[in-house]
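> Turn this into a model:
(2 chains)
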Amino acid sequence: MSAAVAPAPAALEGAIARVNRTLATHAGAVELDSVSAEGSVRMRFTGMCAGCLLRPVTLERIVAPELRRVAGVTTVAAPGARVSPQALERLGRLPGRLSSARQDRQTSTEGGDL
Amino acid sequence: MIDGLFVFDHVIHVYDMDDANLRADRPDAESARVQLLESGRRARPPGYMADVDFARRWTIEDVYEMVFVDAPTDMAMAQVVPLFDWYEDLFSPISSQHAMAAAYPDRVLFCGGVDPLYRGLGDALDQLDHQVRELGARSIKFYNGHLPKSWSCDDEQLAYPLYERCRELGIDVLQFHKGTPIGLQDVESLRPVDLQRPARDFPDMQFVVHHLALPYLDELINIASRFQNIHVSLTGVFNYCLVAPRRVQEIVGRLLAEVGSERLLWGSEAALLGSPGPYLDAFMALEIPDDLQDGYGYPPLTRDDRRLILGENFARLMGIDPTAARARIEENAA
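Just a heads-up that it's a prediction; the model follows:
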């Protein structure tokens, strides 16, 4: 499936900067690895996020919802943050300020197979 | 190819475990050979190749048949193991691995091997020059656990000059036997933790860790998940698909979740562990069961994962286009 609109680099950079303000509270960060023609965004965790067991939670609850607000982004994935459908379902049931995550995810994370 | 997927076996060995290659001055040589042969026997299915004498000097024809005729392998890397402790000419000698690559240039790459404790650092550096410039090595293998003394992979005096010379020679994929000592060396000398500093200090180089560094799997996964230039070789892992599939499911599921399939590499360890055919079939049939997906959050093993693990990851490290490589193989076979 082709993206209707290719993600604008500036918009992606802005979203990543907003995410990183949150992750900085844990001395972690994400950086952009690649964007495909279909709008699949691949991120890389750095700092204290690198190797953290909670990367799937961070990706699903903080990183992916923010990036999916950028027009043209269809999926968001990162090495070390890939989990099972059952785990995704549980993450989607978490309450919190990013409650739109579940709805976003249903249309976007199936391609996050890293 | 298997099910349309390119198979690049990144570690095979043309062994020499013949009596004539055992060091007469080492009383522990025979027990070390027995231990290695036993580990291979245990990793093969019961009765599989039971009539084959593995304690011999394998020929390149033997290994070719095992890897490319009896299994759907497209390409492989013949690796030196610079383990000199019990063998006169290493137990996976330089000459045999090079001969295999020279005989089958469209299918086999040569991985050299050196050790700074063998004949000193100067000799190891000279060997690097020789193996890369003269013999065409595309990667270098290290084995740092020895008796009575080991070296550390983050030793700036012994190890770093080797990495720097590799870099000068255009070699950017370095491979390390970790864990699973071949003999009675201290297992902790083969912990993977000493690869962290090199991975930081040589960010342009790729470090491949073999054998899951067992029993240090937790350490390896932590390191590989933090360092993007650490790659995990699955050598020997899929052999246990036939014996202990649950254990393999747990290991592969965890690696998929915490490291990602883009840095996992298929390796068969033929000839010691037999033809890769049965293990390739077992890997293709391997699934991450629902209870592991549910209870541990491990993702399913997809066709894309298999494609990357079986061949495309190592092809990428070697700068090889799988489609072009396959076409060349078929053209030469016609």
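
> Helices of chain A, residue ranges please.
Using DSSP state H, the helices found in chain A span residues A:9-23, A:55-58, A:64-68, A:85-92, A:101-106.

> do you know which of those helices lies nearest residue B:173?
When the helices of chain A are ranked by distance to residue B:173, counting by CB to CB, first place goes to helix A:55-58 at 26.3 Å. C-beta: built from backbone N, CA, C; applies to glycine.

> now the closest one, how far from the centre of its chain.
Averaged C-alpha coordinates place helix A:55-58 at 9 Å from its chain's average position (CA atoms, centre = their mean, to the nearest Å).

> can you tell me which residues contact the nearest residue to residue B:26 once chain neighbours are set aside?
Nearest residue to residue B:26 in three dimensions, chain neighbours excluded: residue B:86, at 5.4 Å (CB to CB, 6 or more residues apart in numbering or on different chains). Taking CB atoms under 8 Å, 6 or more residues apart in numbering or on different chains, we find residue B:86 in contact with B:22-23, B:26, B:28-29, B:32-33, B:183.

> okay, these in TSV with pLDDT next?
Output for the contacts of residue B:86, formatted as TSV (pLDDT from 0 to 100):
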residue	pLDDT
B:22	90
B:23	90
B:26	88
B:28	87
B:29	87
B:32	85
B:33	87
B:183	81
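
> could you flag which of these are buried?
Neighbour-count burial (16 or more other CB atoms under 10 Å in any protein chain shown) is assigned, among those, to B:22-23, B:26, B:29, B:32-33, B:183.

> which one of those sits closest to residue B:289?
Nearest member of the buried ones among the contacts of residue B:86 to residue B:289, counting by CB to CB, is residue B:183, at 36.1 Å.

> quick one: contacts for the closest one?
So residue B:183 contacts B:28, B:31-32, B:35-36, B:85-86, B:147 (CB under 8 Å, 6+ apart).

> would you turn those into a markdown table with secondary structure and distance to residue B:324?
Shown next, in a markdown table, are these (DSSP: H, G, I helix; E, B strand; the rest coil; distance: CB to CB, whole Å):
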| residue | secondary structure | distance to residue B:324 |
| --- | --- | --- |
| B:28 | coil | 47 |
| B:31 | helix | 46 |
| B:32 | helix | 42 |
| B:35 | helix | 41 |
| B:36 | helix | 37 |
| B:85 | coil | 41 |
| B:86 | coil | 41 |
| B:147 | coil | 45 |
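
> farthest pair in the residues you listed?
B:36 and B:147 (14.3 Å).

> between the two, who's got more neighbours?
residue B:36 (20 against 16; other CB atoms under 10 Å in any protein chain shown).

> correct me, but the more buried one touches residue B:182?
Yes. Using CB atoms under 8 Å, residue B:36 is in contact with residue B:182, at 5.3 Å.

> Now the common contact residues for the two.
Between them, residue B:36 and residue B:182 share the contacting residues residue B:91, judged by CB under 8 Å, 6+ apart.

> so how far is stretch B:217-226 from its chain's centroid?
18 Å.

> Return the alpha-carbon coordinates of it using CSV.
What follows is stretch B:217-226, C-alpha atoms only, in CSV (Å, rounded to 0.1, in the frame of the first residue of the first chain):
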residue,chain,number,x,y,z
LEU,B,217,23.1,-15.6,26.9
ASP,B,218,21.7,-12.8,29.1
GLU,B,219,24.9,-10.8,28.8
LEU,B,220,25.0,-11.3,25.0
ILE,B,221,21.4,-10.2,24.5
ASN,B,222,21.9,-7.1,26.7
ILE,B,223,25.1,-6.2,24.7
ALA,B,224,23.5,-7.0,21.3
SER,B,225,20.5,-4.9,22.1
ARG,B,226,22.6,-1.9,23.0
